[in-house]
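1. no sequence on this one, just coordinates:
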């Protein structure tokens, strides 16, 4: 997981370096958009009681064997979070586009506002790049658990 995050950061830095400006990186930071995605996606974990199951993925207890039920609940939590992020990003992009189209038609203003729309898709890609290996790891643990029981 840590290796993936380091590689992701290196890829973003490399891409901004290829574009000729390392100052481009500052344009990719949009805290309000990231907070909106989190505010729209995370409550579903808590509402369904899966927040603890998601957090459990990061604390593997070597002394206690995981139950198949716990692993399946953790898998549900990851899948729910993936879907919630996708739909939260779609809602955010749609809302941003409506706001942008109702604003001034000056090219500079439109370009700046559409970059915020693109950042939402960028953040969704980053979140999916983080969640997909977690999902695969849970599926692998489920398979290992089932193989050890037989």
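-> Sure, I can see it. Since the structure is predicted, the reported quantities are computational estimates derived from the model, not experimental observations. Numbers count the residues shown, from 1 in each chain.

2. Scan the protein for its longest helix.
-> When the chain is parsed with DSSP state H, its longest helix is helix 107-149.

3. distance between that helix and the chain's centre?
-> Centre-to-centre, helix 107-149 and its host chain are 4 Å apart (Cα atoms, centre = their mean, to the nearest Å).

4. what pLDDT, on average, does that helix get?
-> Averaging pLDDT along helix 107-149 gives 87.

5. helices or strands next to it in the packing?
-> Here helix 107-149 touches helix 2-18, helix 31-47, helix 68-101, going by 3 or more Cβ pairs under 8 Å, 6 or more residues apart in numbering; DSSP states H and E. All C-beta spots, glycine's among them, are computed from the backbone N, C-alpha and C.

6. Starting from the second one, tell me the next helix or strand along the chain.
-> Beyond helix 31-47 in the direction of the C-terminus, DSSP states H and E gives the next helix or strand as helix 51-56.

7. Pull out the buried residues from that next one.
-> 51, 53, 54, 56 (16 or more other Cβ atoms under 10 Å).

8. As CSV, those residues with distance to residue 148 and pLDDT would be great.
-> Formatted as CSV, the buried residues of helix 51-56 follow (distance: Cβ to Cβ, whole Å; pLDDT from 0 to 100):
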residue, distance to residue 148, pLDDT
51, 28, 92
53, 21, 91
54, 23, 92
56, 19, 87
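
9. quick check, nearest of these to residue 45?
-> residue 51 (4.4 Å; Cβ to Cβ).
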